[in-house]
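Undergrad: Quick check, what structure comes out for this input:
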Amino acid sequence: LTALVQEISNTSPHFVRCINPNSKRSSRSFDTLSILEQLRRGGVMDAVHVTRSGFGARYPYDDFLARFRCCVPHLSDNSEMKMAS
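TA: Residues are numbered from 1 along each chain as shown. As a prediction, the model looks like this:
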C-alpha cells in the first residue's frame, strides 16, 4: 500500500470511468445510445466541452500568480505569496 501511495504521489493520476457496452452483458455488442447516455451522466461530455472551449488549462501556482497578480493589487511581492505556497 505504501508503494502504491508513493506511485500515485509521483504521478498526475487521471480518473477511469467504467462504461458498460450493453445491458445484456454480451460480448461484441455495443449499445451506442446507452454508452452516450453513460458518458453524459458521468460528466465526461461536459468535461470534453469545457476543455475544447479553452478552459482545460491548469497553471502551476507560481505561473498563475505571476500572470494574474494584477487582478489583486493588494498582494505584495513577497509576504502573501510565500504564505500561500
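
Undergrad: what's next to stretch 9-26, contact-wise?
TA: 29-31, 34-35, 38-39, 42, 44 (CB atoms under 8 Å, 6 or more residues apart in numbering). (Glycine included, C-beta is placed from N, CA and C.)

Undergrad: Of those, keep whichever come out buried.
TA: Buried by 16 or more other CB atoms under 10 Å: 38-39, out of the contacts of stretch 9-26.

Undergrad: Can you list which of the contacts of stretch 9-26 are found in helices?
TA: 34-35, 38-39, 44 (DSSP state H).

Undergrad: Need the max-distance pair from those residues.
TA: Pairwise distances across the ones in helices among the contacts of stretch 9-26 (CB to CB) peak at 13.9 Å, for the pair S34 and V44.

Undergrad: that older thread, between the ones in helices among the contacts of stretch 9-26, which is closest to T51?
TA: V44 (10.6 Å).

Undergrad: and that closest one, what is it in contact with?
TA: Counting by CB under 8 Å, 6+ apart, V44 has contacts R17.

Undergrad: where along this protein do the helices fall?
TA: Using DSSP H, helices in the chain cover 2-9, 32-41, 44-50, 61-68, 79-84.

Undergrad: mind giving me a markdown table with these and columns for mean pLDDT?
TA: A markdown table is the format used below for these (pLDDT from 0 to 100):
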| stretch | mean pLDDT |
| --- | --- |
| helix 2-9 | 81 |
| helix 32-41 | 94 |
| helix 44-50 | 87 |
| helix 61-68 | 85 |
| helix 79-84 | 50 |
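
Undergrad: export the ones you listed to JSON lines and tack on distance to S23?
TA: Listed next are the helices of the chain as JSON lines, based on distance: least, CB to CB, whole Å:
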{"stretch": "helix 2-9", "distance to S23": "33"}
{"stretch": "helix 32-41", "distance to S23": "7"}
{"stretch": "helix 44-50", "distance to S23": "19"}
{"stretch": "helix 61-68", "distance to S23": "44"}
{"stretch": "helix 79-84", "distance to S23": "49"}
